[in-house]
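S.K.: return a 3D structure for these sequence lines:
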Amino acid sequence: MHHDATAEHLLSIRPATAQDNITALTQLLHRAYQRLGNMGLRYMAVDQTEAVTQERMAQGTCLLAFYQGSLCGTILLRNAQQTNGCPWYNQPQVASIGQFAVDPDLQAQGIGWRLMQAAEQLARESGAKELALDTAEQAEHLVGWYQRLGYRFIETVQWGHTNYRSVILSLKLHQEAQEVLSL
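M.R.: Sure thing, here's the model as predicted:
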C-alpha cells in the first residue's frame, strides 16, 4: 500500500533548534547521499562529521522534516546575504539551498517537494528573487528532478572540495498569487 507521507498529520517541517540530534541528522545525510557516493561523487554530505553538519547548519536556516515524529529530511536555506561563491551566487537577490536530504526509504513520496516548498517560501519572505542550488553534473536524476520543479540551468562551477563539476540551477521566485493578481 502506498502511503502519502505528505499528509499533514504524518509530516511536519520546522526549523532546527539547539536541542535537535546532530548525530541523527548526520546519519540521515550519510544515508541519503550514499547513492551519490557510490557513483564516485564526493559530495560533502557523503561522509561529513557532526561538526561539519553543525557548521553547515549555522550558514543559514536549517529545516527538518519529521514523518510520524521521526527525522526523515532536511534542507538548508541560505538567504541572499549568506549565498556566495560563484558568479550566480554572488548576485544580490539570489538565495540558495544545500544539505538537502530525504531518508532513502521515504523518497518519492513528496517529502523533498514539501521541503523545497518550505525553503522557497522562506527565500521569498527574505526578499530573494531567485533560489539557486548546485549538484553534480553527473547526478542526472537530481538535475532532472530540479528541472521538473522549474529550476533552470545557469552555469557550471568547479568547487575546490568536490571531484566533479557542478551545475548551478535557479528558480525565479514569484510572489504569492494574490499579490500578482493585484497588479
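
S.K.: least confident secondary structure element in the protein?
M.R.: Sorting the helices and strands of the chain by mean pLDDT, DSSP states H and E puts helix 177-181 at the bottom, at a mean of 47.

S.K.: for burial, what's the neighbour tally of residue 27?
M.R.: Residues lying near residue 27 (other CB atoms under 10 Å) number 15. Glycine gets a C-beta too; all of them are placed from N, C-alpha and C.

S.K.: next, the buried residues of the helix or strand where it lies.
M.R.: Element membership for residue 27 (DSSP states H and E) is helix 22-38. Within helix 22-38, the residues that qualify as buried by neighbour count (16 or more other CB atoms under 10 Å) are 25, 26, 28, 29, 30, 32, 33, 36.

S.K.: I figured residue 166 hits residue 157, correct?
M.R.: Yes - at 5.1 Å, residue 166 counts as touching residue 157 under the criterion of CB atoms under 8 Å.

S.K.: what is in contact with those two at once?
M.R.: Counting by CB atoms under 8 Å, 6 or more residues apart in numbering, the shared contacts of residue 166 and residue 157 are residue 134.

S.K.: so the two - more neighbours on which side?
M.R.: Neighbours were counted for residue 166 and for residue 157 using other CB under 10 Å; residue 166 has more, 20 against 16.

S.K.: check contacts around that one.
M.R.: 134, 135, 136, 137, 156, 157, 158, 159.

S.K.: can you tell me which residues contact the residue nearest to the fifth one when sequence neighbours are not counted?
M.R.: Going back to what we said before, that points to residue 156. Nearest residue to residue 156, sequence neighbours excluded (CB to CB, 6 or more residues apart in numbering): residue 165, at 5.2 Å. By CB under 8 Å, 6+ apart, the residues touching residue 165 are 136, 137, 156, 157, 158.

S.K.: so the closest residue to residue 29 other than its chain neighbours, which of the three states?
M.R.: Nearest non-adjacent residue to residue 29, counting by CB to CB, 6+ apart: residue 45, 4.2 Å away. Following DSSP: H, G, I helix; E, B strand; the rest coil, residue 45 is assigned to helix.

S.K.: report pLDDT for residue 45.
M.R.: Here the pLDDT value assigned to residue 45 is 92.

S.K.: same question, residue 86
M.R.: 90.

S.K.: and what of residue 21?
M.R.: pLDDT, residue 21: 96.

S.K.: try the one 4 residues further on
M.R.: At residue 25 the predicted local distance difference test score is 97.

S.K.: next one: residue 75
M.R.: Looking at residue 75, its pLDDT reads 98.

S.K.: could you do residue 135 as well?
M.R.: Confidence score, pLDDT, at residue 135: 94.

S.K.: what about it, which SS state?
M.R.: strand.

S.K.: use 32 as the first number from now on
M.R.: Happy to do that; since the first residue is 32 now, the last one works out to residue 166.

S.K.: residues contacting the nearest residue to residue 195 once chain neighbours are set aside?
M.R.: Take residue 195 and drop its neighbours on the chain: the residue closest to it by CB to CB, 6+ apart is residue 167, 4.3 Å away. Taking CB under 8 Å, 6+ apart, we find residue 167 in contact with 67, 72, 74, 173, 193, 195, 196, 197, 198.
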